[in-house]
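**Student:** Any chance you can model this:
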Amino acid sequence: MFNVLPQELTMRRSPELVHLSREHHAALVQAKRIKGSNSSTDVLEVWPSVAFLTELEAHFDAEETMFAQYLVHLPRLAGQFSDDHKTLRALMRQLHAGKLAALLAFGERLEAHVRFEERELFPALEGLIHPA
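**Tutor:** Residues are numbered from 1 along each chain as shown. Model prediction:
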């Protein structure tokens, strides 16, 4: 899927989540590139490819399917997870339509969402997937 880091360079995650964490790295790189752009020339260089957006959609679908049985036990986190995916999908539709104005909001929201998943959601899910 995404261009990802080797497994040994990623943080320790349960086997069920490690591939998603590796994909998050590529998403963070893209988000940082977008947020760092400040001219029309930069924007053309950081514009997310259709392939990246398609892969991101597949990533969202995989997470939603994989996490569905666990999110019912995490209502606050589930709400943010769902809201973020909904917002990011709306921004992705704007990007597919060529709307430059959505780019910065997409980069900011993507970065915040990945950090939320890595720092809050995944640790909570790991506790449910592998209870102590």
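**Student:** Surely Ala27 is in contact with Val114?
**Tutor:** Yes - with contacts counted by Cβ atoms under 8 Å, Ala27 reaches Val114, the gap being 5.2 Å. Glycine gets a C-beta too; all of them are placed from N, C-alpha and C.
**Student:** Now do the same contact list for the residue nearest the centre of the chain.
**Tutor:** Residue closest to the mean C-alpha point of the chain, counted by Cα atoms, centre = their mean, is Val114 at 4.6 Å. Contact analysis of Val114 by Cβ atoms under 8 Å, 6 or more residues apart in numbering lists 24, 27-28, 31.
**Student:** What subset of those is buried?
**Tutor:** Taking 16 or more other Cβ atoms under 10 Å as the criterion, what is buried in those is 24, 27, 31.
**Student:** what helix or strand is the last one on?
**Tutor:** To tie it back to what came earlier, the one meant is Ala31. helix 15-36 (DSSP states H and E).
**Student:** need the strands for the chain, in chain order.
**Tutor:** Counting by DSSP state E, the chain forms no strands at all.
**Student:** any weak-confidence spans in it?
**Tutor:** The model of the chain has pLDDT under 70 over residues 1-11, 38-44.
**Student:** can you give me the helices for it?
**Tutor:** For the chain, the helices defined by DSSP state H cover 15-36, 40-46, 50-71, 75-96, 102-116, 122-129.
**Student:** picking up where we left off before, including distance to Asp83, could the contacts of Val114 go into TSV?
**Tutor:** Shown next, in TSV, are the contacts of Val114 (distance: Cβ to Cβ, whole Å):
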residue	distance to Asp83
His24	18
Ala27	17
Leu28	20
Ala31	17
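**Student:** And for Leu71, the neighbour number?
**Tutor:** Look at Leu71: counted by other Cβ atoms under 10 Å, it has 20 neighbours.
**Student:** whoops, I mixed them up, Val18
**Tutor:** Val18 has 15 nearby residues by other Cβ under 10 Å.
**Student:** so what's Phe116 up against?
**Tutor:** Phe116 touches 80-81, 84, counting by Cβ under 8 Å, 6+ apart.
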